[in-house]
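Visitor: A structural model of the following input is requested.
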Amino acid sequence: MYKEAYLIISLFVLFTSCSEQKTAGDTADATTLAFQEMQALYHSDLNACIAALDSLQKSKTATEMQEHYHTARMYFKYAEPVLSFTDQENFRYLNQPNILKVEEEDFTDIKIKEPSGFQVLEELIWADSLNEQDVFRHAGLVSNRLKLIRQNSSLLSYKPYHFLWMLRNEINRVALTGITGFDSPVLENSLQENAWVYSRLKNYLTFFKQAFSDQELYRAWHEQLDKTLLDLTGEFASFNRYAFIKNHTHAQLALWVKTREDWNVIFPFTLAINHEATSLFSNNTFNLKYFDDLQSGETTEEKVLLGKKLFNDPSLSASGKVSCASCHQEALAFTDGKRKSDGQDRNSPTLSYAALQRGFFYDKRSGSLEGQIVSVVNSQTEFHSNLEAMTKAVMQQPDYQQAFTAIYGKEVSDAAIRNAIASYIRSLAPFNSKFDRNINGLEQSLTDSEIRGFNLFTGKAKCATCHFAPVFNGTVPPEFSETELELLGVPAANDTANAQIDPDPGRYNLYQTAARKYFFKTPTVRNSALTAPYMHNGVYNNLEEVMDFYNRGGGAGIGIALEHQTLPPDALLLNKQEIKDIIAFLNTLNDQQPATLKFASLQQD
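Guide: You can find the predicted model right below:
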């Protein structure tokens, strides 16, 4: 371990001295050298990680296993910024939760994969009963995967925009998953691990010193990163995540925007986060096109206003009495306040922030907002109609005909109707709650209890390992390319003494995959104070009951034994005050009322 550490230090000194010898005017050569230096350090980290894993497989005692694991994990975290950006699939494999992986493309392509990687190793090595063969097997799998990655990785064709994307991805990953304990479930070593990440980001920025026209900006980066490293200390449970995001993550995003301008970088396209975003909690943070698989064009104010009118129009249904707003009422954060909606088997989900997810309905049976609308129109218990009949109903109204011609340049079509309604739903992400306004520095009104609640939500209570900030739903940052399904063990009735699993099989309905029985999509908890009752079946009447369920360990904690429960079965051991603090925080996530949409003029009816 010590020889490996000296090697890293020597390489870093060598690379730094090379960087300082470059002339400021030779930008292209400096960039080429920077990526060469990054690659050399990255490969060195991979080599050290592999060596530690190979040593782990020869361990004679549990203590040796733990020591080699810590070393391997340190170098893996050093490699994380580059690995997670250049090879997302392998990074997810190496860092996945210890939960069965199920991939369902269609009935002919269903894959069930045993998990492996560092989280699996962590749980195995620190288990009450140590199984050496399992530990050695998984260490070998991880080592072999890293060897393949090392052989097939090169940064030499990368451009400055690749580095900036990588840098921002890792800043966001630390804030949104790293400091929550998402990938250190047993040891909760998240602060130290993310300090390792930041130390590498600092190294990488040093390699790009000559790319900065403004050397004050370069120094500002290092000052900010030094402060970040100082703050990534202390105990996991008491860490102030609110202050970390506000003082470090957002400050770094602002520096990132300035660096993009200083380097004159032009990006070939936009990922999930807009290139101008200096906050994770703003209506300017996300690129809505990234979440639109249909690539249906810009979400304009005109489309949104038309969509709002259609959303509230009952003439689109066969009976002329049911509209989208029947089950999604604006005053209730676009829910209906009922345990289960009229004629439905499930609770009405909020449409707030619905655009910022991958998959729709509780079982993710639809892949787009437009596709979800098709299901509603065709459903016998909802619109009880079809696309042709809906289109005819809209065409019969002259005002609609004029609007569609003006906005879409063509006559009314079912595709345009669905796009307009979807555009309205996409606008329902204002990010203007009390919490948003405070973390963005627009006001200082959060109470100590509310701040403690956020820190508990993103720390000890582990809520944010499924409800990821900033949307607080199941769409996993920083790539935002997957929305998770979870098995919580939700009971059929609010009964902790004789609890029985709710009979709704959830995702199982789609493909009859046994390992996906009782799985449901993780919804947002934004506006949750307005969306009671809770869970897919509306079994809980208030947030206190929801917190009690989680605090007990979900279904496992009330006697419902399910093999694939994804919620950790251990009790959270939250005391009454901590539960009150979490609920106080959840109340800060209510959007301003009346609902303020993305376009200010949408205050009109």
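
Visitor: mind listing the strands for the protein?
Guide: 101-106, 109-113, 485-486, 520-521 (DSSP state E).

Visitor: mind listing what's buried in the second one?
Guide: Read that as strand 109-113. Buried residues in strand 109-113, counted by 16 or more other Cβ atoms under 10 Å: none are found. Just so you know, the C-beta spots here come from the backbone N, C-alpha and C atoms, and that holds for glycine as well.

Visitor: chain center to that strand: distance?
Guide: Here strand 109-113 is found 23 Å from its chain centre; the criterion is Cα atoms, centre = their mean, to the nearest Å.

Visitor: least confident secondary structure element in this structure?
Guide: The weakest-scoring helix or strand in the chain, judged by mean pLDDT, DSSP states H and E, is helix 2-20 (a mean of 41).

Visitor: picking up where we left off before, possible to save the strands of the chain as CSV with mean pLDDT and distance to residue 564?
Guide: Shown next, in CSV, are the strands of the chain (pLDDT from 0 to 100; distance: least, Cβ to Cβ, whole Å):
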stretch, mean pLDDT, distance to residue 564
strand 101-106, 90, 9
strand 109-113, 92, 11
strand 485-486, 98, 10
strand 520-521, 98, 13
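
Visitor: let's have those strands in TSV, adding distance to residue 57.
Guide: Formatted as TSV, those follow (distance: least, Cβ to Cβ, whole Å):
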stretch	distance to residue 57
strand 101-106	23
strand 109-113	22
strand 485-486	33
strand 520-521	39
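
Visitor: what's the closest of these to residue 290?
Guide: strand 520-521 (18.8 Å; Cβ to Cβ).

Visitor: so residue 296 touches residue 422, yeah?
Guide: Yes: between residue 296 and residue 422 there is a contact under Cβ atoms under 8 Å: 7.2 Å.

Visitor: the two: which is more packed in?
Guide: residue 422 (26 against 19; other Cβ atoms under 10 Å).

Visitor: quick check: phi and psi on the residue positioned nearest the centre of the chain?
Guide: With distances taken as Cα atoms, centre = their mean, residue 476 lies nearest the centre of the chain, 2.5 Å away. With angles defined as degrees, to the nearest 10, residue 476 sits at phi -80, psi 120.

Visitor: hang on, isn't it packed against residue 468?
Guide: Yes: taking contacts as Cβ under 8 Å, residue 476 lies within contact range of residue 468: 6.1 Å.

Visitor: overlap in contacts of residue 296 and residue 422?
Guide: Common contacts of residue 296 and residue 422 (Cβ atoms under 8 Å, 6 or more residues apart in numbering): residue 370.

Visitor: the longest helix in this protein is where?
Guide: Across the chain, the longest stretch assigned as helix under DSSP state H is helix 27-56.

Visitor: what comes up buried for that helix?
Guide: 27, 30-31, 33-35, 37-39, 41-53, 55-56.

Visitor: quick one on the thing from earlier: any common contacting residues for residue 476 and residue 468?
Guide: Contacts common to residue 476 and residue 468, judged by Cβ under 8 Å, 6+ apart, are residue 177.

Visitor: helices of the stretch 351-500 of the chain, start to end?
Guide: 369-378, 387-395, 398-408, 414-426, 434-439, 448-457 (DSSP state H, counting those that start in this stretch).

Visitor: burial of the spatially closest residue to residue 227 that is not a sequence neighbour, as a residue count?
Guide: Closest residue to residue 227 apart from its sequence neighbours, by Cβ to Cβ, 6 or more residues apart in numbering: residue 248 at 6.9 Å. Residues lying near residue 248 (other Cβ under 10 Å) number 21.

Visitor: gap between residue 248 and residue 510?
Guide: Residue 248 sits 42 Å away from residue 510, going by Cβ to Cβ, to the nearest Å.

Visitor: same check on residue 65?
Guide: 41 Å.

Visitor: how near is residue 427 to residue 81?
Guide: 34 Å.

Visitor: what's the answer for residue 90, then?
Guide: Residue 90 is 14 Å from residue 81, by Cβ to Cβ.

Visitor: what about these two, which has more around it?
Guide: Using other Cβ under 10 Å as the criterion, residue 90 and residue 81 rank with residue 81 on top: 26 against 18.
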